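# Curious how this folds, go ahead:
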Amino acid sequence: MFSNYLIGLREGLEASLVVCILIAYLVKTGNKDRLGPLWLGVGLAAAVSLAFGAGLEFGTQELTFKAQEAIGGTLSIVAVGLVTWMVFWMKRTARHLKAELQGKLDAALAMGTGALVATAFLAVGREGLETSLFVWRSVHAAGDGAGPLIGVLLGIGSSIVLGWLFYRGALKIDLSKFFTWTGGMLVVVAAGVLAYGVHDLQEADFVPGLNVKAFDISSTIPPDSWYGTLLKGTFNFQPDPTVLQVVVWALYLVPVLALFLAPSLVKRGRPERKPEPRPEPSNS
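Below is the predicted model of the structure:
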């Protein structure tokens, strides 16, 4: 449930910040009367994202088991690719996001109402579609039941509250650190989703090695125990993974997490160089 809460919080906060930036800029530039088209674009983006998620959930139920596993495994890999690109993109462009959005909004205001709706739709829709896909795979990886979905909804609800507090100026946090730490945790979650996707492809006979287990600690950590459920819901832990799952998990997690955290660690560990004092001019 925690991993799904994290996904909802992280992805929802990005969308909330985008909406807050757009609203604040319209109000600041005296275009408060153009908030209607903006909210229309945001509403359309949310509706399309929900429809996309519903299509993923209900559109695959009539397929055969192997077809469901093949589609689920493939979409897991796509979802991991998207979330990996997203966390690196946000870390690189977060400080310039406000200026970029305001530039697009200026162009949209000059072009008319339709362009304003489209700008809001595209700005929020990208986040919504990524969230729908990754949440769908993460919820399935975490298992059946309402817990994972509740976690996502709580995360999105928290992000909306935080976005409103940011807009009102009642809350200030270091967004750079927030996105760095939550991005690192999302990479860990994505590694579990990737391993789960590989298992789906193995069950669909697309990838070999389904019966070649790396280890089996089901007797030590039963999947139906409270701690087994907690580990699965948080890290997509599986007590009896295949060798290929473990290899893929490690090959993704170690280099991606190292690349994601390395710039921050280097910058944090580098000592500041103090300017050398200038020699005082002699009076001779």
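# Asp205: neighbour count?
11 (other Cβ atoms under 10 Å). For glycine as for every other residue, the C-beta is placed from the backbone atoms N, C-alpha and C.
# What distance do you get for the closest residue in space to it that isn't next to it in sequence to Lys213?
Among residues not flanking Asp205 along the chain, Lys66 sits closest, at 6.6 Å (Cβ to Cβ, 6 or more residues apart in numbering). The gap separating Lys66 from Lys213 is 21 Å, by Cβ to Cβ, to the nearest Å.
# Equivalent analysis for Trp39, please.
52 Å.
# before we move on, which element is the residue nearest to Asp205 in?
helix 65-93 (DSSP states H and E).
# Who are the packing partners of that helix?
Applying 3 or more Cβ pairs under 8 Å, 6 or more residues apart in numbering; DSSP states H and E, one finds that helix 65-93 contacts helix 113-142, helix 175-203, helix 243-269.
# Report all helices and strands that the lowest-mean-pLDDT helix or strand in the chain contacts.
Lowest on mean pLDDT, DSSP states H and E among the helices and strands of the chain sits helix 226-235, with a mean of 73. If you count contacts as 3+ Cβ pairs under 8 Å, 6+ apart, helix 226-235 packs onto helix 2-28, helix 147-168, helix 175-203.
# right, so of those, which gets closest to Ala54?
With Cβ to Cβ as the criterion, Ala54 lies closest to helix 147-168 of the helices and strands packed on helix 226-235, at 12.6 Å.
# who does that closest one touch, helix- and strand-wise?
Right, helix 147-168 is packed against helix 2-28, helix 113-142, helix 226-235 by 3+ Cβ pairs under 8 Å, 6+ apart.
# where's the second one relative to the chain centroid, distance-wise?
This means helix 113-142. 11 Å (Cα atoms, centre = their mean, to the nearest Å).
# again with stretch 180-188
9 Å.
# what does it rub up against?
Here stretch 180-188 makes contact (Cβ atoms under 8 Å, 6 or more residues apart in numbering) with 6-7, 9-10, 83-84, 87-88, 90-91, 235, 253, 256-257, 260-261, 264.
# ok, now stretch 38-54?
So stretch 38-54 is contacted by 19, 22-23, 26, 116-125, 128-129, 131-133, 135-136 (Cβ under 8 Å, 6+ apart).
# which stretches of the stretch 51-200 of the chain have low pLDDT?
94-95, 140-148, 170-173, 175 (pLDDT under 70).
# so what's Asn31 closest to, chain neighbours aside?
Closest to Asn31 by Cβ to Cβ, 6+ apart is Leu109, at 6.3 Å.
# Equivalent analysis for Leu105, please.
Nearest to Leu105 is Tyr25, by Cβ to Cβ, 6+ apart, at 5.6 Å.
# Just give me the neighbour total for the one you found.
17.
# Please apply the same query to Lys98.
15.
# Quick check: it touching Ile21?
Yes. Using Cβ atoms under 8 Å, Lys98 is in contact with Ile21, at 5.4 Å.
# Just the buried residues of stretch 246-255, please?
Using 16 or more other Cβ atoms under 10 Å as the test for burial, stretch 246-255 gives Val246, Val248, Trp249, Tyr252, Leu253.
# Show me which of these is closest to Phe206.
Using Cβ to Cβ, the buried residues of stretch 246-255 come closest to Phe206 at Val248, 13.6 Å.
# so what's the closest one up against?
Leu194, Ala195, Val198.
# can you tell me which of these lies nearest to Glu62?
Nearest member of those to Glu62, counting by Cβ to Cβ, is Val198, at 24.6 Å.
# unless I'm mixing things up, the closest one is touching Gly73, no?
Yes. Between Val198 and Gly73 there is a contact under Cβ under 8 Å: 6.8 Å.
# before we move on, back to that, distance to Ala45 added to the helices and strands packed on helix 65-93, as TSV?
Compiled in TSV, the helices and strands packed on helix 65-93 are given as follows (distance: least, Cβ to Cβ, whole Å):
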stretch	distance to Ala45
helix 113-142	4
helix 175-203	21
helix 243-269	27
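# Kindly confirm my reading that Glu219 is in a helix.
Just to correct that, residue 219 is Ser rather than Glu. No. Counting by DSSP: H, G, I helix; E, B strand; the rest coil, Ser219 is located in no helix; its state is coil.
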